[in-house]
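Visitor: sequence plus the predicted model coming up.
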Amino acid sequence: MLDETAAALARAFVANPLHVAAFGPGRLDRNRAFFRIGLGLMGGTKLVLFDDVHVRGFVHWIDAPSCRTAPWSKLVTLPRLAAAVGPGAAWRVVTWLTEWERHDPSAPHVHLGPIGVDPAAQRRGLGQVLMRHYCERLDRDRVTGYLETDRPENVRFYERFGFQTEKEIDVLGVRNFLMRRG
């Protein structure tokens with residue numbers, strides 16, 4: 001399901017401001033390659049929602065400090081990423097992820113991301129279903145949740161699940177909201 005999940009996430013994120021800043025407008029090909037590589041590297045919990053035929057949604061979370069990428073892993077991944085999305089886009093991705101990591105809380109937390117629903121399946125409550133699974137994990141283990149978003153409209157969505165913006169930063173010229181729950 002790796003290819004189809006990467007394609008669904010690419011469609012979900014292609015218009016996100018950070019993805020546009022990193023890959024260019026409408027670059028489904030680069031977004032798909034980014035997610036294909038990224039999904040293969042992710043540890044932690046991954047849940048996929050699908051209908052009889054297609055992947056419709058995806059959520060990933062991981063406990064800190066495993067959410068931070070080891071420097072050697074970035075070095076090993078960079079040539080593969082550069083070959084897939086181009087050297088300039090690969091460098092922008094590294095810049096973006098490094099900036100996010102710089103703000104990652106030092107306290108224990110469960111880091112969310114990515115979470116996405118294929119545009120063909122949006123407005124059906126699937127994002128809420130994915131978030132409920134994540135929040136159930138937070139509540140069960142009484143741990144703090146943490147996420148980043150580059151879409152102001154997502155802030156309200158996450159607030160409905162108890163998240164609060166703790167900081168706003170600019171990454172690649174895009175406003176990002178760093179949010180915490182618990």
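Guide: Now that the structure is in, tell me what you want to look at.

Visitor: measure Tyr146 to Arg132 for me?
Guide: Distance from Tyr146 to Arg132, counting by Cβ to Cβ, to the nearest Å: 17 Å. (Each C-beta comes from the backbone N, C-alpha and C, glycine too.)

Visitor: looking at these two, which one has more neighbours?
Guide: Each of Tyr146 and Arg132 has its neighbours counted (other Cβ atoms under 10 Å); Tyr146 has more, 26 against 14.

Visitor: who's that one bridged to?
Guide: Tyr146 forms beta bridges with His111, Arg180, as assigned by DSSP bridges.

Visitor: got a list of what Ala6 touches?
Guide: 32-33, 35-36, 39 (Cβ atoms under 8 Å, 6 or more residues apart in numbering).

Visitor: name the residues that touch the helix or strand bottoming out on mean pLDDT in the chain?
Guide: The least trusted helix or strand in the chain, going by mean pLDDT, DSSP states H and E, turns out to be helix 71-85, with a mean of 90. For helix 71-85, the external contacting residues (Cβ under 8 Å, 6+ apart) are 23, 30, 33-34, 36-37, 41, 90-91, 93-94, 97-98.

Visitor: now the buried members of the residues you listed.
Guide: Neighbour-count burial (16 or more other Cβ atoms under 10 Å) is assigned, among the contacts of helix 71-85, to 23, 30, 33-34, 36-37, 90, 93-94, 97.

Visitor: need the max-distance pair from those residues.
Guide: Within the buried ones among the contacts of helix 71-85, two members stand farthest from each other by Cβ to Cβ: Arg36 and Val94, at 16.9 Å.

Visitor: now distance to Pro105 and pLDDT too, for the contacts of helix 71-85, in JSON lines please.
Guide: As requested, the contacts of helix 71-85 are arranged in JSON lines below (distance: Cβ to Cβ, whole Å; pLDDT from 0 to 100):
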{"residue": "Phe23", "distance to Pro105": "28", "pLDDT": "98"}
{"residue": "Arg30", "distance to Pro105": "30", "pLDDT": "98"}
{"residue": "Ala33", "distance to Pro105": "30", "pLDDT": "98"}
{"residue": "Phe34", "distance to Pro105": "25", "pLDDT": "98"}
{"residue": "Arg36", "distance to Pro105": "28", "pLDDT": "97"}
{"residue": "Ile37", "distance to Pro105": "26", "pLDDT": "96"}
{"residue": "Leu41", "distance to Pro105": "21", "pLDDT": "91"}
{"residue": "Ala90", "distance to Pro105": "27", "pLDDT": "97"}
{"residue": "Trp91", "distance to Pro105": "26", "pLDDT": "94"}
{"residue": "Val93", "distance to Pro105": "22", "pLDDT": "96"}
{"residue": "Val94", "distance to Pro105": "21", "pLDDT": "92"}
{"residue": "Leu97", "distance to Pro105": "16", "pLDDT": "94"}
{"residue": "Thr98", "distance to Pro105": "16", "pLDDT": "93"}
